[in-house]
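K.L.:
what's the 3D shape of this:
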Amino acid sequence: ILGSKNLKNFCVTWILVCIALCIVLLCQLLVRNQDQSSVLERSNTSLDMIEMSGFICGYISCVFYLGSRFPQLYKNFRRRSTEGTSYLLFALAMLGNCTYGLSLVLKMPATTSFQALYFLHHLPWLIGSFGVLFLDIFVS
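P.N.:
Numbering: from 1, shown residues only. Predicted coordinates:
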């Protein structure tokens, strides 16, 4: 029971942090849209608060997404069985992650100079999709 109470508190805290972040980002977007001149003056290579928040959310999402598979892996390993696992759920999740990861790879710009920047900007989502796909292979 203690573990479930801690998990509940963590989930409530996480939801409150996400709501606060959404409010801050919404305010930033409104201020940014009102001042169009700052958008034109901004350097294309610099990261503003909204873009940095997107990266942070992407990496946090990646950590949670990858972490979501470890309880199932641990349970299967401890029981030495995959009994009770929904194979259809994992098959559909694997297909979704594979096609999502491929969509990111196939959208990569043709010019070499932009490929590294594109890769860095999409790294958390690539790790999330292909990393979970790799872990789902072990689950199944």
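
K.L.:
low-confidence regions, the protein specifically.
P.N.:
1-4, 22, 25-47 (pLDDT under 70).

K.L.:
helices of that one, start to end?
P.N.:
Using DSSP state H, the helices found in the chain span residues 2-34, 36-41, 49-67, 70-79, 87-106, 112-139.

K.L.:
contacts only, for Val105.
P.N.:
Taking CB atoms under 8 Å, 6 or more residues apart in numbering, we find Val105 in contact with Leu126. The C-beta positions use only the backbone N, C-alpha and C, and glycine is treated the same way.

K.L.:
adjust the sequence numbering to begin at 15 for everything that follows.
P.N.:
Taking 15 as the first residue, the last one we looked at is Val119.

K.L.:
can you tell me how far Leu149 sits from Ile37?
P.N.:
Distance, Leu149 to Ile37, using CB to CB, to the nearest Å: 33 Å.

K.L.:
with neighbour numbers in mind, choose between the two.
P.N.:
More neighbours surround Leu149 than the other of Leu149 and Ile37, with 21 against 10 (other CB atoms under 10 Å).

K.L.:
what about the closest residue in space to that one that isn't next to it in sequence, how many residues nearby?
P.N.:
Nearest non-adjacent residue to Leu149, counting by CB to CB, 6 or more residues apart in numbering: Arg83, 4.0 Å away. Per other CB under 10 Å, the neighbour tally for Arg83 reads 18.

K.L.:
contacts only, for Arg83.
P.N.:
Arg83 sits next to Val146, Leu149, Asp150, Val153 when contact means CB under 8 Å, 6+ apart.
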